[in-house]
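S.K.: No sequence on hand, only this structure:
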DNA sequence: CGATAGGTTGAAAGTGATCAAACGCTGTGG
DNA sequence: CCACAGCGTTTGATCACTTTCAACCTATCG
């Protein structure tokens, strides 16, 4: 495994270093610790459309996203479902990394991406030496769990238009003058899958919100003309 | 069962000790470490129906369930939804514990229960001193996350009978001769909520599976007569 | 007992899925 | 430059399903 000489950081680490420093999980650590941790990381590049790993692969690695966004999907008898998307600073593969189990999801890059890769066998060493890392990872995973559990109750209890409204209100947005503009991260087909509906239903839900004057759709860009109408 | 008297154990520790030793998160630690951690824990007893905490409470504590089962629910505009149940050895409140944020769920005891309580302010100390605890907690949270994400795809994609079938096949069961018997952990109304359907639909789904000969229902007990029929 | 709560069953209504067709955009090859 | 193919998206019609509303049933409990 890589990572020798903890004291003397070689020049070629500069890229890993960037990765480690920019990511919330490691951001608060002292510089020296970041450099040490960078020693465990291997860089990995992905091109748009390329898979990071697939359901059932024998990998046991933690991936920290540096640049680019990817999608995490699960394949079932009834088709492929989008579980979530991951962007810079987020972490994937932690279940395999922590337990050694094979992943039951597939991660595919939506854009050209860069990641930091950590191996299962280094886990114990990193955490023993820097417990703060564990706390940050716990925070990250626990936050995702919270979001997932909230999404469960939303999927179980609300109709298509409400799910779409909640999704729009919860999405990152750009400002355009007074109004917020949400840009869909993927094709509408895939966003529909994320929201647990068919592309047709998604299209109809958008149409209904447009007719009510709540939003305005322009390709992947959605202007929230009247957020109050989305709260109903 | 565990917790025999190891001689040096102070009497007043016996209860906390029991708690710490029986729980997966702490089970693998050396005895001395367990005792030390037990020093941070406070016991807490709940009677059936009593709430451990409520959505929005200003608590920042980790609860480790020692005995009894509880339910974790989320209240939304459209009613109350069951998120999951927790039993001995499981952990609740970790999001509040880790981040200091207020919980957005409510935990209610289904039976008389005992818990160990850890305070947010002790978190750093425990984990710095015993990083192994952090790894175990990460494993636990990450496993729950995995389950939650799988449940999301199930809720999104399948019909009522399939969801019920999958639920039965995934539930812990007792053996009765050849056949497995699943006992519902709560009222059917609440299990229905867990599966994202109304009590009526739940009842009808049970009826259909009964008519097809796959199961036999006797109050909260469900005999899986023909598991193969549930796999369809 | 009557009352309450959980559970079941029936009929009606609503919603999303499915199937099918058409639109618009993009890239390709004649 | 244009015709065409392919894909994502939209729209319409139909169908299957779950929800809703209502009645009824059955235990438990004061």
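M.R.: Arrived safely. Everything numeric in this text was worked out from a predicted model, so none of it was measured.

S.K.: Next, residue A:56: secondary structure please.
M.R.: Secondary structure assignment for residue A:56 (DSSP: H, G, I helix; E, B strand; the rest coil): coil.

S.K.: Name the nearest residue to it, ignoring sequence neighbours.
M.R.: Counting by CB to CB, 6 or more residues apart in numbering or on different chains, residue A:56 lies nearest to residue A:102, which is 5.3 Å off, once chain neighbours are set aside. In short, each C-beta sits where N, CA and C put it, glycine included.

S.K.: Next, name the residue at the spatial heart of chain A.
M.R.: residue A:86 (1.6 Å; CA atoms, centre = their mean).

S.K.: before we move on, back to that, wasn't the residue nearest to residue A:56 part of a helix?
M.R.: No. Read with three-state DSSP, residue A:102 is coil and lies in no helix.

S.K.: hang on, it packs against residue A:53?
M.R.: No. Contact between residue A:102 and residue A:53 fails when scored by CB atoms under 8 Å: they sit 9.3 Å apart.

S.K.: which neighbours do the two share?
M.R.: Here residue A:102 and residue A:53 have residue A:59 as joint contacts, going by CB atoms under 8 Å, 6 or more residues apart in numbering or on different chains.

S.K.: With DNA strand D in mind, check whether stretch A:187-206 reaches it.
M.R.: Yes. Judged by CB under 7 Å from any atom of the strand, stretch A:187-206 comes into contact with DNA strand D through A:187, A:188, A:189, A:199, A:200, A:202, A:203, A:204, A:206.

S.K.: hmm, that stretch touching DNA strand C?
M.R.: Yes. Under the criterion of CB under 7 Å from any atom of the strand, stretch A:187-206 makes contact with DNA strand C via A:196, A:197, A:198, A:200, A:201.

S.K.: Tell me the most packed of the residues you listed, by neighbour count.
M.R.: Counting neighbours by other CB atoms under 10 Å in any protein chain shown, residue A:196 comes out on top of the residues of stretch A:187-206 next to DNA strand C with 22 neighbours.

S.K.: so where's chain A shaky on pLDDT?
M.R.: Within chain A, the stretches with pLDDT under 70 are A:1-19, A:232.

S.K.: okay, now the residue nearest to residue A:195 when sequence neighbours are not counted: neighbour count?
M.R.: Spatial nearest neighbour of residue A:195, excluding adjacent residues (CB to CB, 6+ apart): residue A:163 at 4.9 Å. Applying other CB under 10 Å, we find 21 residues neighbouring residue A:163.

S.K.: Mark which of the residues of stretch A:187-206 next to DNA strand D are part of helices, please.
M.R.: Judged by DSSP state H, those include A:188, A:189, A:199, A:200, A:202, A:203, A:204, A:206 as members of helices.

S.K.: remind me, longest helix of chain A?
M.R.: helix A:131-157.

S.K.: How about the helix or strand that that helix is followed by and DNA strand D, any contact?
M.R.: Past helix A:131-157, further along toward the C-terminus, the next helix or strand under DSSP states H and E is helix A:160-170. No. Helix A:160-170 stays out of contact with DNA strand D when judged by CB under 7 Å from any atom of the strand, the minimum separation being 11.4 Å.

S.K.: Which strands and helices lie in contact with the helix or strand following helix A:160-170?
M.R.: For helix A:160-170, the succeeding helix or strand toward the C-terminus, using DSSP H and E, is strand A:174-176. Counting contacts by 3 or more CB pairs under 8 Å, 6 or more residues apart in numbering or on different chains; DSSP states H and E, strand A:174-176 is packed against strand A:179-183.

S.K.: which parts of stretch A:178-191 are buried?
M.R.: Within stretch A:178-191, the residues that qualify as buried are A:180, A:181, A:182, A:184, A:185, A:186, A:190, A:191, counting by 16 or more other CB atoms under 10 Å in any protein chain shown.

S.K.: Spatially, which two of those are the most separated?
M.R.: A:180 and A:190 (21.7 Å; CB to CB).

S.K.: Now tabulate the ones in helices among the residues of stretch A:187-206 next to DNA strand D in TSV and tack on distance to chain B.
M.R.: Shown next, in TSV, are those (distance: CB to the nearest CB, whole Å):
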residue	distance to chain B
A:188	16
A:189	14
A:199	13
A:200	15
A:202	12
A:203	17
A:204	17
A:206	18
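
S.K.: Which one of these is nearest to residue B:75?
M.R.: The shortest approach to residue B:75 among these belongs to residue A:202, at 27.4 Å (CB to CB).

S.K.: Skipping its backbone neighbours, what lies nearest the closest one in space?
M.R.: Closest to residue A:202 by CB to CB, 6+ apart is residue A:192, at 3.6 Å.

S.K.: got a list of contacts for the helix or strand in which the one you found is found?
M.R.: Using DSSP H and E, residue A:192 falls within helix A:188-194. Applying CB under 8 Å, 6+ apart, the external contacts of helix A:188-194 come out as A:71, A:80-85, A:167, A:184-185, A:198-199, A:201-203, A:206, A:220, B:156.

S.K.: Next: stretch A:214-232.
M.R.: A:165-166, A:168-169, A:173, A:176, A:179-184, A:188, A:206, A:209-210, A:212-213.

S.K.: ok, now with 10 Å
M.R.: With CB atoms under 10 Å, 6 or more residues apart in numbering or on different chains as the test, stretch A:214-232 has contacts from A:161-162, A:164-169, A:171, A:173-174, A:176-188, A:191, A:203, A:206-210, A:212-213, B:77.

S.K.: residues touching residue A:81, list them.
M.R.: So, once contact is read as CB under 10 Å, 6+ apart, residue A:81 ends up touching A:73-75, A:105, A:190, A:193-194, A:196, B:149, B:152-157.

S.K.: Are we agreed that it is in a helix?
M.R.: No. Counting by three-state DSSP, residue A:81 is not found in a helix; it is strand.

S.K.: Quick check, residue A:95 in contact with residue A:105.
M.R.: Yes. Using CB atoms under 10 Å, residue A:95 is in contact with residue A:105, at 8.9 Å.

S.K.: interface residues of chain A facing DNA strand D?
M.R.: A:187, A:188, A:189, A:199, A:200, A:202, A:203, A:204, A:206, A:207, A:217, A:220.

S.K.: near DNA strand C, which residues of chain A show up?
M.R.: Counting by CB under 7 Å from any atom of the strand, chain A sits next to DNA strand C at A:159, A:160, A:161, A:196, A:197, A:198, A:200, A:201.

S.K.: isn't the second one right up against residue A:154?
M.R.: No. Between residue A:160 and residue A:154 there is no contact, the gap being 11.4 Å when judged by CB under 10 Å.

S.K.: who has more neighbours, these two?
M.R.: Shown here are residue A:160 and residue A:154; by other CB under 10 Å, residue A:154 has more neighbours (22 against 17).

S.K.: Tell me who's in contact with that one.
M.R.: Contacts of residue A:154 by CB under 10 Å, 6+ apart are A:162-163, A:166-167, A:170, A:195-196, B:74, B:76, B:78, B:81, B:152, B:155.

S.K.: 8 Å instead?
M.R.: So residue A:154 contacts A:163, A:166, B:76 (CB under 8 Å, 6+ apart).

S.K.: Please apply the same query to residue A:117.
M.R.: Applying CB under 8 Å, 6+ apart to residue A:117 gives the contacts A:41, A:42, A:43, A:44, A:61, A:62, A:63.
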